[in-house]
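>>> With the sequence up front, the predicted model follows.
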Amino acid sequence: MRERHAFEKWLTAVLTLGAAALAWAPAVPALAGVDTNFSCYQCHSKKEITPWIAETWLESAHARAGVKCPSCHGNHDAGFDSPQFIAHPGEDKCMSCHPIRVKESLAGKHAGKVKCTACHPWHTFSLAVARDPEICRTCHDSEHAKSYFLSKMYVVYKVMGPKYSATCQRCHMPDGDHNISDTVSSKELMLKVCNRCHSASFAGSVLAKGRLKTHW
């Protein structure tokens, strides 16, 4: 009985502190300045109608920039079978706001194989996810890709972050260029990328072998 009483006293204290913390918790930063007063959000934020989608959109850069559901999906009120509504928008919708990046992507090896949402997840369109090598691993299992995930570069990246080590995006999409074929097919451009971290002589000797391996 004594142990039970002590546990109940401890639990009451924890719950009290938890309630106090919630009462004083600041508002979610993404809510600041985000307009949620439109039919799509009001409906889909309900627990029985995909609330997770509404919540993740709310945290996105799109929400903060005022890009709402109709911007990509069209007129929902016209009906699911209407040509005015698009359940799964394609690159043409991304093109309206991101023309340079979409054109770059369509000029490379990803064209016709990988959609924008293969790297930028639906509704959050997270840059952090798109820049993480793990998202590349869901499609790429070549010797080069496997060697990267066994390298010290990858360990440093996981422990310290992208600032301190190379990632797929840093090497194959320098300065945000979405045409990944540029560095894959051009040793001259790849040398410039490697030279940001490695000496030209070292990078040149590795590239000259014609079979790039990720090592330290």
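Nice, I can see it. Remember, predicted model here, so these are calculated numbers, not experimental data. Numbering: from 1, shown residues only.

>>> where does this protein have low pLDDT?
Within the chain, the stretches with pLDDT under 70 are 1-32, 210-216.

>>> Please confirm that Cys136 is located within a helix.
Yes: assessed with DSSP: H, G, I helix; E, B strand; the rest coil, Cys136 lies in a helix.

>>> wait, doesn't Val206 sit right on Cys194?
Yes: in this structure, Val206 is within contact of Cys194 by CB atoms under 8 Å, at 7.5 Å. In short, each C-beta sits where N, CA and C put it, glycine included.

>>> who's more crowded, these two?
Cys194 (21 against 18; other CB atoms under 10 Å).

>>> Skipping its backbone neighbours, what lies nearest that one in space?
Ala203 (3.5 Å; CB to CB, 6 or more residues apart in numbering).

>>> Kindly report the same for Asp182.
Leu189 (5.6 Å).

>>> Contacts for whichever strand or helix holds the one you found, please.
Element membership for Leu189 (DSSP states H and E) is helix 187-194. Helix 187-194 is contacted by residues Arg170, Cys171, Pro174, Asp182, Thr183, Val184, Ala200, Ala203, Gly204, Val206, Leu207, Leu212 when judged by CB atoms under 8 Å, 6 or more residues apart in numbering.

>>> mind checking how far Cys72 is from Ile49?
Between Cys72 and Ile49 the distance, using CB to CB, to the nearest Å, works out to 18 Å.
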